[in-house]
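Q: Let's see this in three dimensions:
(2 chains)
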Amino acid sequence: ILNVEQSPQSLHVQEGDSTNFTCSFPSSNFYALHWYRWETAKSPEALFVMTLNGDEKKKGRISATLNTKEGYSYLYIKGSQPEDSATYLCATLMDTGRRALTFGSGTRLQVQP
Amino acid sequence: ETGVTQTPRHLVMGMTNKKSLKCEQHLGHNAMYWYKQSAKKPLELMFVYNFKEQTENNSVPSRFSPECPNSSHLFLHLHTLQPEDSALYLCASSQDLFRVLGDNSPLHFGNGTRLTVT
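A: Numbering: from 1, shown residues only, chains lettered A, B, ... in the order given. The predicted structure follows:
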C-alpha cells in the first residue's frame, strides 16, 4: 500500500445498527494516525490521534483500534444514530521528513432513522 | 470567537480575476495549513506555515500565492485560475508542526471556501 486507503467509500445503515470501517496505510515509517468526522456544511473535527501498535481509543459510542505492523485501523460505531451521518476521514503522519498529514478519501456514512 | 474562521464561504470568480481567501485562528496555534479538496479526491496538502514561515509547498502552481503575516492569519491569493481549480479550500491549524517524537495535537479546521472558477 502506497497511500492511505479507506473502505468502504460509502455505507448506509439503519438507526441502531453497529458498523465499522477500515483505514489502510503503509506500515513502514508510520508514526501516527488521526481520525476525523466531517459533517456536511461543517468543518472536519478530530476524533482520535493514535500512535502505538495495539492502541484502542473510545469516545462515547465510537471507538478505534490501530495495528501498525499490518498497517490498518478500524473505526467502530455502536448503535448508529442519524447524527452519526458524516464522512469519516483517516490521515497518517509518516516518519519521512514530511511534517503534515496524508489523508484518505473518507468513508461516507448515512444512518437512516 | 473561537476556532478557525474562513472567509468567504463561497466564491465565484472568472479566470482573469484576482481574489483572496482569508483564514484566522483564535487558538494560539503556531502552525497553519491550506488544503484543497476536489470532487471525489482526498484532502490534498498545499502549503504549511510555522511561526509565519513557509515550511512546505506541495508543488502548488504559482497562480496560488499564500501569505502568512502572523501566526493567527493565513491568506491564499488567487490569480488567473483555471476551471479545474474549482474546489473546496480548507484552512487548518495545529499547536505546532507535526513531529515524529512526542505527542501531536490534531488539526483544527475551518469550514472552508467553496471556490468556483468560470
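Q: Could you find the closest non-adjacent residue to the residue in chain A that chain B sits nearest to?
A: Closest residue of chain A to chain B, CB to the nearest CB: A:Ala46 (3.4 Å). For glycine as for every other residue, the C-beta is placed from the backbone atoms N, C-alpha and C. Spatially, and ignoring its direct neighbours in sequence, A:Ala46 is nearest to B:Pro106 (3.4 Å; CB to CB, 6 or more residues apart in numbering or on different chains).
Q: Might you enumerate the residues of chain A proximal to chain B?
A: Contact residues (CB under 8 Å from any CB of the partner chain) of chain A with chain B: A:4, A:31-32, A:34, A:36, A:41-46, A:49, A:89, A:91, A:93, A:95, A:98-106.
Q: quick one on the thing from earlier: how would you label the residue nearest to A:Ala46: helix, strand or coil?
A: B:Pro106 falls in the coil class when you classify it by DSSP: H, G, I helix; E, B strand; the rest coil.
Q: Tell me what B:Ser94 is bridged to.
A: Beta-bridge pairing for B:Ser94 (DSSP bridges): B:Ala31.
Q: and the gap between it and B:His79?
A: Remark: distance between B:Ser94 and B:His79 (CB to CB, to the nearest Å) = 28 Å.
Q: Give the full set of residues in contact with the residue of chain A closest to chain B.
A: A:His34, A:Trp35, A:Tyr36, B:Pro106, B:Leu107, B:His108 (CB atoms under 8 Å, 6 or more residues apart in numbering or on different chains).
Q: if we go to 7 Å?
A: A:His34, A:Tyr36, B:Pro106, B:Leu107 (CB atoms under 7 Å, 6 or more residues apart in numbering or on different chains).
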